[in-house]
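A.B. asks: Sequence and computational prediction follow.
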Amino acid sequence: MSNDLPGEAVTRYDILGPLGTDYYAVFADIPASDREVWERARAFTVEVGDRMRAAWDAAEYPMDVAARFGELDLLNDGVEHPRLTYFSPLAAGLVNMEISRGDGSLGTVLAVQGGLALRTLALFGSPAQQDRWLTAVARNEVPAAFALTEPDHGSDSVSLETSARRDGDGWVLRGAKKWIGNGAAGGITFVWARIDEPDTDHHGAVRCFLVEQDAAGYTGTVITGKASLRGIHQAHIALDDVRVGDDALLPGAKSFKDASTVLYATRSGVAWSALGHATACYEAALQYAQQRMQFGKPLAKFQMVQERLAHMLEDLTAMQLYCRRLADLETAGGLRPTQASLAKFHNTRAARRVAAIARDLLGGNGILLENGVMQHMADIEAIHTYEGTESVQALLLGRDITGMSAFA
């Protein structure tokens with residue numbers, strides 16, 4: 001289409017590039033090794049940006065892009081293990097932030113493959129399980145899933161009903177899981193189940209099993225109709241008397257507290273992810289305001305627009321400060337789970353505000369996927385919910401500051 005027709009001086013706006021917004025110099029002093037990892041993550045998002053926007057639009061999960069993620073050794077998420085490249089808490093956070101700034105679906109690939117699955121295997125897997133699977137999961141040669149949430153048990157996941165019954169020298173798993181990233185990707189799934197052995201001391205205990213997705217009785221069905229995180233598939237899993245050997249049991253996972261250990265570690269990652277989404281929205285809005293002409297001047301010269309940009313920067317800077325402090329606390333060994341909860345609680349709420357203002361500032365162009373903001377706005381809705389809803393985080397914080405539990 002010609003762009004020299006009256007009324008169409010600009011056909012597209014160049015607003016997706018990163019600006020490196022850091023008003024309080026929160027990340028000015030990061031070590032060179034952490035900055036190298038951050039820059040590698042940024043280069044990756046630029047490399048696959050167009051591909052992921054098309055995948056989001058088509059609700060397709062490009063597995064080759066996910067594999068490239070592993071080739072670049074970006075899936076560690078701060079998991080410590082002799083066979084894994086170590087990322088400091090700050091480096092792991094910056095990768096989470098940068099990947100989500102580029103694409104929220106890839107941010108969830110990182111959360112699932114690295115934060116949940118790889119961490120579970122590294123923390124609780126047997127030497128034999130780690131020998132077979134650890135490197136393959138870290139490189140994303142094998143997609144891996146973390147199956148805790150059930151159709152009837154989301155926020156109250158501690159009440160999970162999936163059962164594991166002893167059968168000879170193995171186990172029989174029966175139950176259902178929902179919203180499981182990579183659960184239908186043809187790899188492996190870490191299934192959390194309740195032991196069903198009434199005459200034993202560990203009856204009712206929650207344990208974890210490594211299940212290959214081609215096992216008889218395992219059915220992973222991709223959930224369709226999503227309006228968020230459309231570039232990664234989540235699955236509804238049916239476990240219909242799935243038989244696994246005794247070697248499928250992860251020996252280090254002995255109770256629901258171990259599942260919580262994994263979730264607490266990834267909660268910080270969600271706070272960083274929210275920061276990435278908000279950064280993308282703010283920077284798109286700023287660039288649009290500088291390029292878009294209305295009433296004979298750029299939007300950026302209007303008082304109302306400058307005020308909106310200031311409100312977004314206020315939230316963005318607070319989010320950065322939360323995340324940097326999280327990393328510093330974790331590095332020092334002093335991070336408490338509820339501190340991660342507060343960061344997740346604050347940052348996903350703030351990201352919602354930033355995205356809403358940015359979408360409004362872009363006007364009609366704000367709903368076009370080519371301008372990024374609408375996609376981020378939709379994806380923020382998912383991270384606002386997963387790894388503990390706003391209400392659950394509030395109750396965890398309330399219990400911590402009052403000493404009294406308001407959970408049922």
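C.D. replies: On my side now, so go ahead.

A.B. asks: Going along the chain from the lengthiest helix in the chain, find the next helix or strand for me.
C.D. replies: Looking across the chain with DSSP state H, the single longest helix is helix 256-291. Sequence order places strand 293-294 as the next helix or strand after helix 256-291, per DSSP states H and E.

A.B. asks: buried ones in the longest helix of the chain?
C.D. replies: Residues of helix 256-291 classed as buried by neighbour count (16 or more other C-beta atoms under 10 Å): 256, 258-259, 261-289. (Each C-beta comes from the backbone N, C-alpha and C, glycine too.)

A.B. asks: gap between residue 91 and residue 8?
C.D. replies: According to C-beta to C-beta, to the nearest Å, residue 91 and residue 8 sit 45 Å apart.

A.B. asks: pretty sure residue 19 is touching residue 284, no?
C.D. replies: No - here residue 19 does not reach residue 284: they are 9.5 Å apart, not a contact under C-beta atoms under 8 Å.

A.B. asks: avg pLDDT for stretch 376-383?
C.D. replies: Across stretch 376-383, pLDDT averages out at 96.

A.B. asks: Ok, stretch 355-366 next?
C.D. replies: 97.

A.B. asks: measure it end to end?
C.D. replies: Across its full length, stretch 355-366 reaches 10 Å between end residues, using C-alpha to C-alpha, to the nearest Å.

A.B. asks: just to revisit the earlier point, mind checking which of residue 91 and residue 8 has more residues around it?
C.D. replies: residue 91 (24 against 10; other C-beta atoms under 10 Å).

A.B. asks: and the residue lying closest to that one once chain neighbours are set aside, what element?
C.D. replies: Once flanking residues are discounted, residue 91 sits nearest to residue 34: 4.1 Å by C-beta to C-beta, 6 or more residues apart in numbering. Element membership for residue 34 (DSSP H and E) is helix 32-58.

A.B. asks: what helices or strands is that helix leaning on?
C.D. replies: Helices and strands touching helix 32-58, by 3 or more C-beta pairs under 8 Å, 6 or more residues apart in numbering; DSSP states H and E, are helix 63-71, helix 89-102, helix 104-109.

A.B. asks: by how many degrees do that helix and helix 63-71 diverge?
C.D. replies: Interaxial angle of helix 32-58 relative to helix 63-71 (axes from the mean of the first three to the mean of the last three C-alpha atoms, to 10 degrees): 170 degrees.

A.B. asks: you'd agree residue 210 is up against residue 128?
C.D. replies: No - if you go by C-beta under 8 Å, residue 210 and residue 128 don't touch, sitting 10.4 Å apart.

A.B. asks: which of the two has more neighbours?
C.D. replies: residue 210 (24 against 10).

A.B. asks: check contacts around that one.
C.D. replies: 121, 125, 129, 133, 188, 189, 190, 191, 244, 248, 250 (C-beta atoms under 8 Å, 6 or more residues apart in numbering).

A.B. asks: Quick check: phi and psi at the first one.
C.D. replies: It refers to residue 121. Backbone torsions of residue 121, given as degrees, to the nearest 10, read phi -70, psi -40.

A.B. asks: Near it, how many other residues are there?
C.D. replies: When neighbours are defined as other C-beta under 10 Å, residue 121 has 27 of them.

A.B. asks: quick one: it from residue 262, how far?
C.D. replies: Here the criterion is C-beta to C-beta. By it, residue 121 lies 10 Å from residue 262.

A.B. asks: And the pLDDT for the nearest residue to residue 169 once chain neighbours are set aside?
C.D. replies: Once flanking residues are discounted, residue 169 sits nearest to residue 246: 5.6 Å by C-beta to C-beta, 6+ apart. If you check residue 246, the pLDDT there is 96.

A.B. asks: Give me the domain ranges for this structure.
C.D. replies: Domain assignment of the chain by automatic domain parsing yields the ranges 32-138, 144-255, 257-402.

A.B. asks: so how far does the second one reach from one end to the other?
C.D. replies: Across domain 144-255, the straight-line distance between its terminal residues is 21 Å, by C-alpha to C-alpha.

A.B. asks: Among the contacts of residue 210, give me the pair with the biggest separation.
C.D. replies: Greatest spatial distance among the contacts of residue 210 (C-beta to C-beta): 121 and 244, at 15.4 Å.

A.B. asks: which element is residue 237 on?
C.D. replies: Assigned by DSSP H and E, residue 237 belongs to strand 234-245.

A.B. asks: Residue 317 now?
C.D. replies: Assigning secondary structure by DSSP H and E places residue 317 in helix 303-331.

A.B. asks: in the very next helix or strand once past that helix, what counts as buried?
C.D. replies: Helices and strands here follow DSSP H and E; after helix 303-331, the next one along the chain is helix 337-361. Residues 338-359, 361 are the ones in helix 337-361 that count as buried (16+ other C-beta under 10 Å).

A.B. asks: Perfect, that will be all.
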